[in-house]
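Undergrad: Could you work out the structure for the sequence below:
(3 chains)
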Amino acid sequence: MPELPEVETTLQTLRPHLVGRTIVGVRALDYPPLIAPYRKEEFVAAIVGCRVREVDRRGKHLLLFLEDGRVLSFHLAMSGRLFLYPGETPPDRHTHAVLDLDDGRALHFCDPRKYGRMRLLSPEAYVILDRRLGPEPLSPTFTTKVLAEQLKKYPRARLKALLQEQHLLAGLGNIYANEVLFRARLHPCRLAESLSSGEIGRLLRAIRKILREAIAAQGTTLSDRGFLFGTGEEGRFAERLQVYGRAGQPCPRCGTTIQRGYVLGRSSYFCPRCQSLPNTERY
DNA sequence: CCACGATCCTGCTAGC
DNA sequence: TGCTAGCAGGATCGTG
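TA: Okay, here's the model as predicted:
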């Protein structure tokens, strides 16, 4: 659920409070897979005393660059959230890690569904992670040429599956993939090789536009599983979603009923008229 | 080469 | 009203 805009919002909220801080304690580690392959004692010993040199984002990963060159990576997965609280605030029942900071505050990793992961990476391991991820969609170096090359790697794959593939493009998940395809007027099941250069250009502009707007709105908060950040505010992009979760409702562009299908085992929402599929690509 | 299903997990909801 | 079955989803892995 947290996709690039939600992680970016978390980054912007937390960064000023984390840079320069030293981690003086780690507690509430009640779910071993969160820090695997480290065991609890090893993990605590490995990061207590470390100072945060910089905080950044890569795809959906939030990264704490430590002064000794190692990197603490947070992946929020489905339901992960990070909060900064006064040190005395007790962890709630979904908080599976608390990092105590030298200014008396504490970073809480809250994750009801427990899919999130916290990884302590050597500089070499971080390079591997970085190389495994595709380009940053908002980077100036992510051009139509780069996007076209990425699409060529899996010519027979469906477009929506590719957009969610982190090693091809870092940061899009199900919600924004749906919104991007709607804006680009491309059917989720279009084959990668079938896109004209004009359509690739449209796709690139849609990716940038949707992500920029979502970041400006501080992400998407869905009513049933809240993405909250920092101070506990909610992202405002949910009300701006054009197709996600709107099966049976009229398309905001043409009024045709929005349909729901499945790609990669995930709900896919689209307007069958605006995002038509050529006869040669019927599935 | 690409699709699909299973896996991990729990809050919420639809339905009885 | 209260219970339960089913769904949701990021990433990975094995199978077809």
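Undergrad: which sections of chain A are below the confidence cut-off?
TA: Counting by pLDDT under 70, the ranges of chain A that qualify are A:221-234, A:279-283.
Undergrad: residue ranges for the strands of the stretch 151-283 of chain A, please.
TA: Using DSSP state E, counting those that start in this stretch, the strands of the stretch 151-283 of chain A run over residues A:228-229, A:233-234, A:259-263, A:266-270.
Undergrad: Could you dump the ones you listed into JSON lines and include mean neighbour count and distance to residue A:162?
TA: From N, CA and C alone the C-beta is placed, and that goes for glycine too. Output for the strands of the stretch 151-283 of chain A, formatted as JSON lines (neighbours: other CB atoms under 10 Å; distance: least, CB to CB, whole Å):
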{"stretch": "strand A:228-229", "mean neighbour count": "21", "distance to residue A:162": "29"}
{"stretch": "strand A:233-234", "mean neighbour count": "14", "distance to residue A:162": "30"}
{"stretch": "strand A:259-263", "mean neighbour count": "16", "distance to residue A:162": "10"}
{"stretch": "strand A:266-270", "mean neighbour count": "21", "distance to residue A:162": "13"}
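Undergrad: Which positions in the stretch 51-200 of chain A make contact with DNA strand B?
TA: A:78, A:93-94, A:112-115, A:153-158, A:161, A:192 (CB under 7 Å from any atom of the strand).
Undergrad: which among those residues gets closest to residue A:131?
TA: Nearest to residue A:131 among these: residue A:153, at 14.9 Å, using CB to CB.
Undergrad: Could you give the bridge partners of residue A:99?
TA: Beta-bridge pairing for residue A:99 (DSSP bridges): residue A:26, residue A:107.
Undergrad: Near the closest residue to DNA strand C within chain A, how many other residues are there?
TA: Proximity of chain A to DNA strand C (CB to the nearest atom of the strand) peaks at residue A:173, 3.0 Å away. Counted by other CB atoms under 10 Å, the residues lying close to residue A:173 total 20.
Undergrad: ok, now which ones touch it?
TA: A:1-4, A:60, A:164 (CB atoms under 8 Å, 6 or more residues apart in numbering).
Undergrad: Looking at the residues of the stretch 51-200 of chain A next to DNA strand B, point me to the pair that's furthest apart.
TA: In these, two members sit farther apart than any others by CB to CB. They are A:93 and A:155, at 47.3 Å.
Undergrad: ok so, going back, ok, which pair from the contacts of residue A:173 is furthest apart?
TA: Farthest apart among the contacts of residue A:173 by CB to CB are A:2 and A:164. That separation is 13.9 Å.
Undergrad: When those two are compared, which one has more neighbours?
TA: Neighbour count, other CB under 10 Å: between residue A:2 and residue A:164, residue A:2 has more, with 27 against 20.
Undergrad: three-state assignment of the more buried one?
TA: Following DSSP: H, G, I helix; E, B strand; the rest coil, residue A:2 is assigned to coil.
Undergrad: Quick check: closest non-adjacent residue to it.
TA: In this structure, residue A:2 finds its nearest non-sequential neighbour in residue A:76, 4.1 Å apart by CB to CB, 6 or more residues apart in numbering.
Undergrad: Say whether DNA strand C is contacted by the helix ranked longest in chain A.
TA: In chain A, ranked by residue count with DSSP state H as the criterion, the top helix is helix A:197-216. No: using CB under 7 Å from any atom of the strand, we find that helix A:197-216 stays clear of DNA strand C, coming within 13.0 Å at best.
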